[in-house]
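Asker: Got a predicted structure plus its sequence, pasted below:
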Amino acid sequence: MTALRFVTAPQAAARLDAARAWLRARAADEPLRVVAPTREAAVRLVHELVSRGAPTAEAPADRGAVFGWEALSAGAFVVRLALGPLADARRTPAGRLALEALAARAIHRLRAEGKLGRFAPIGDLPGLARALAATYEELRAAGYRAAPEGGPADAVLRDDDLEALLAALAHEARSASLADRAEVLAAAAEAARGSTCPTLLLDVPLRARGEQALVEALTTAPLFVAVPTGDPSVARYRAALQTPAEPLTDPGASDLARARVGLFRAGLAALPVPPSGLAASSPPPSAASVVPPPAGPPAGVSPPAGVSPPTSASPPASASPPASASPPASASPPASA
């Protein structure tokens, strides 16, 4: 195994500093790949190194430019590696939209042949093709391989109807010379095994088995890997690289540093307990915080002339009962005509 460095830190600044130090130790004119979750993040890292290229012990001379360095997103990096082996096999990478189109074609064919099984009542709904494509990708990422059409169902699935759909989708992909994500990752790992180009992986997550195999193949050349402390990818990187991670910061240096370690961990039980008793709480609101402010003009603003400022309305005085009405005087008889 060649030069390898695998670091973890809860702070992004610490991981970036370590990545810059590793890049400064490389030659400015050697082929090199900088890989990040997005291409913008990879380009920013390279540009900062070139623009801030201050002399260091590892690189005494200030580098005003680099030649042969590639800034790539994680997806573009995989496709770039896989293009050669896929071209030899006359295959083309298939995206999610292409896979959904192939799933719709497979469903249409099985529906016409009356082989949808329990999926027949929903065979004409658009959501079935989308769900079939997503299920196929997830199973392929876990190492599943669809049986040939007409062959026995997979013993792991134990579902003849679903197996028929998956086999039909795999048949459509082969007929169209398209490669799914698992095949692209396998082709990329094949190309990486014979590569001598140094690679830097900054905060690139590992989710699928094929991605782990690709990282393992990258160890034939100088490799730098940096991931957040506590991220689920740390264990997968450790298994692929067969080396423990190097922590860049001491988690017990301060209460804040200890709290940062648990940001990416699942469950509150994994959070370290600070020795000094630092705790976060949310006290109940006080009575003053829920009483509305008194009505009136803002501070420093006098009311217009002739207008008195509003005052708190006082409750109306209790109305006195009306005086008892005196009975009308008795009417005198009309005078005699």
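Answerer: Noted; the coordinates are in hand.

Asker: I'd like to know how many residues surround P228.
Answerer: Counted by other CB atoms under 10 Å, the residues lying close to P228 total 19. In short, each C-beta sits where N, CA and C put it, glycine included.

Asker: The one 5 residues further on too?
Answerer: By the other CB under 10 Å criterion, the neighbourhood of S233 contains 22 residues.

Asker: mind checking pLDDT for the residue lying closest to A76 once chain neighbours are set aside?
Answerer: In this structure, A76 finds its nearest non-sequential neighbour in R39, 6.6 Å apart by CB to CB, 6 or more residues apart in numbering. If you check R39, the pLDDT there is 96.

Asker: How about A167?
Answerer: So A167 comes in at 93 (pLDDT).

Asker: which regions of this structure sit below the pLDDT cut-off?
Answerer: 1-2, 51-63, 148-156, 250-337 (pLDDT under 70).

Asker: didn't A170 look like it was pressed against A146?
Answerer: Yes: between A170 and A146 there is a contact under CB atoms under 8 Å: 3.9 Å.

Asker: Now do the shared contacts for these two.
Answerer: Listed as contacting both A170 and A146 by CB atoms under 8 Å, 6 or more residues apart in numbering are Y136.

Asker: and the end-to-end length of stretch 23-43?
Answerer: 13 Å (CA to CA, to the nearest Å).

Asker: got the contact list for it?
Answerer: So stretch 23-43 is in contact with 45-46, 49, 53, 56, 58-59, 63, 65-74, 76-77, 197-205, 222, going by CB under 8 Å, 6+ apart.

Asker: Looking at the residues you listed, which are in helices?
Answerer: L45, V46, L49, A74, A76, F77 (DSSP state H).

Asker: Out of the residues you listed, the closest to R90 would be?
Answerer: Of all these, the one with the least separation from R90 (CB to CB) is A76, at 21.7 Å.

Asker: what about the closest one, distance to A82?
Answerer: Going from A76 to A82 by CB to CB, to the nearest Å gives 11 Å.

Asker: Neighbour count: these two, which is higher?
Answerer: A82 (24 against 15).

Asker: Do I have it right that the more buried one meets A182?
Answerer: No: A82 lies out of contact with A182 (CB under 8 Å); the separation is 11.1 Å.

Asker: Would you write a PyMOL line that selects the buried entries of the ones in helices among the contacts of stretch 23-43?
Answerer: Buried residues within the ones in helices among the contacts of stretch 23-43, by 16 or more other CB atoms under 10 Å, are selected in PyMOL with:
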select buried, resi 45+46+49+74+77
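
Asker: Just put the ones in helices among the contacts of stretch 23-43 in CSV and tack on distance to L125.
Answerer: Below are the ones in helices among the contacts of stretch 23-43 laid out as CSV (distance: CB to CB, whole Å):
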residue, distance to L125
L45, 45
V46, 47
L49, 52
A74, 33
A76, 34
F77, 37
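
Asker: Just name the closest of the ones in helices among the contacts of stretch 23-43 to F119, please.
Answerer: A74 (34.1 Å).

Asker: Provide the count of other residues in contact range of A71.
Answerer: Count around A71 with other CB under 10 Å applied: 21.

Asker: can you count the residues close to G210?
Answerer: 22.

Asker: what do you get for the one 5 residues further on?
Answerer: Under the neighbour criterion other CB under 10 Å, V215 is assigned a count of 22.
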